[in-house]
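*Asks:* Using only what follows, build the 3D model:
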Amino acid sequence: MLTHVWTVFWRDWVVLQRRLGRYILARMVSPILYLVAFGWGLGRSITVNQGSYLDFIVPGIIALNSMNISFNAVGMSVNMSRLYHKTLEEYLLAPISPTAYVLGKVLAGVARGMISSVVIIVLAYAFGAHFLLNGWFVLALFLNCTVFSALGLVAAMMMNSHEEMSNFNTYALMPMSFLCATFFSPAQLPAFLHWLIELLPLTHASYALRLSSSTGSMPGAALGILGLYVIFLLWLGIRKTRQVRD
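*Replies:* Here you go, the predicted structure:
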C-alpha cells in the first residue's frame, strides 16, 4: 500500500520539480497583492485586538491560499485526466488500489499547498508581519491542505466537465475565500450567516492558524473539526474512485 501511494505521489512530484521555479514565482503574485492592499494599504489605519491588521490577516491569507492551491492542484488535474487525457484509466487498470490512488493524489496536493504557504510566510515576514510558527500552526496548515486536496478529488470525480469544475470553484470556494474568517471575524455577520460559516472547514483553518500563530495555544476544537473533514472527504473520495473504476 505505501509503495503504491508513494508511486502516485512521486509521479506528481517529478512533474512539479521540473517547473518548481516558475511554480514558486507564480504563487508569489496573489500573496504580494493581498499583503500590499490589505497589509500596507488598508491595514495601516486598522488595529485588531490591539495588534496590526497585517498580523491579523496573514493567517487568513495562508488559509485561503493553501485552500485554493491544494484544491486546484488535485481537482483540475484529476478532472482533466478523467475526462480528457484518459490517464486516470491507466491508474485504475494498474495493480493500484483506489485507496492508494486517492492518498497519493491528496498528498501531492498537500505538498503544493505547503510549498505555496512557505512562500507566503517568507513574504509576510518581509512585509513586517509578526506571528509565531509552531507545531500547532504546521498541523493546522497540513490539515487544511489535506481537506481541500481531498475535496478537489471528490469534486473531480463528480463533475463531468471543466465548466462544472469552474462552477464549483465559483459557488463553493469563492464564498469561503472571503467569508471564512480570512479578512474579518464572522461574528460581525448576521446570526444565520454566521452559523452557516461556522460549519465550513476554511473557517476552522483560519481560527486554528490565527490562534496558534498569535498565542502558541493548541486550537483543539478547530483541529478536531478539520480532522473530521479529512476522514469524511478521504472516505468519500475513495468511494467515488471505486465507482469510477467499476
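*Asks:* right, and the helix or strand after the helix or strand of the chain with the lowest mean pLDDT?
*Replies:* In the chain, no helix or strand scores lower on mean pLDDT, DSSP states H and E than strand 47-48, which sits at a mean of 68. Toward the C-terminal end, the helix or strand that comes next after strand 47-48 (DSSP states H and E) is strand 51-52.
*Asks:* What score does residue 154 have for pLDDT?
*Replies:* Here, the pLDDT recorded for residue 154 equals 95.
*Asks:* Just give the number of residues close to it.
*Replies:* 25 (other Cβ atoms under 10 Å). Every residue, glycine included, has its C-beta placed from N, CA and C.
*Asks:* which helices and strands sit right next to the strand or helix carrying it?
*Replies:* Element membership of residue 154 [criterion: DSSP H and E] is helix 135-158. Secondary-structure packing of helix 135-158 (3 or more Cβ pairs under 8 Å, 6 or more residues apart in numbering; DSSP states H and E): helix 53-80, helix 98-126, helix 162-168, helix 201-215, helix 220-245.
*Asks:* what's in contact with the third one?
*Replies:* By that I understand helix 162-168. 75-76, 79-80, 83-84, 155-156, 159 (Cβ atoms under 8 Å, 6 or more residues apart in numbering).
*Asks:* At the geometric centre of the chain, which residue do we find?
*Replies:* residue 67 (2.3 Å; Cα atoms, centre = their mean).
*Asks:* now that residue: how far from residue 128?
*Replies:* 25 Å (Cβ to Cβ, to the nearest Å).
*Asks:* next one: residue 197
*Replies:* Residue 197 is 29 Å from residue 128, where distance means Cβ to Cβ.
*Asks:* So between those two, which is more surrounded?
*Replies:* Taking neighbours as other Cβ under 10 Å, residue 197 and residue 128 compare with residue 197 leading, 18 against 12.
*Asks:* Isn't that one up against residue 203?
*Replies:* Yes - the pair residue 197 / residue 203 is scored as a contact, 5.4 Å apart, by Cβ atoms under 8 Å.
*Asks:* Give me the common contacts of the two.
*Replies:* Applying Cβ under 8 Å, 6+ apart, one finds that residue 197 and residue 203 are jointly contacted by 180-181, 186.
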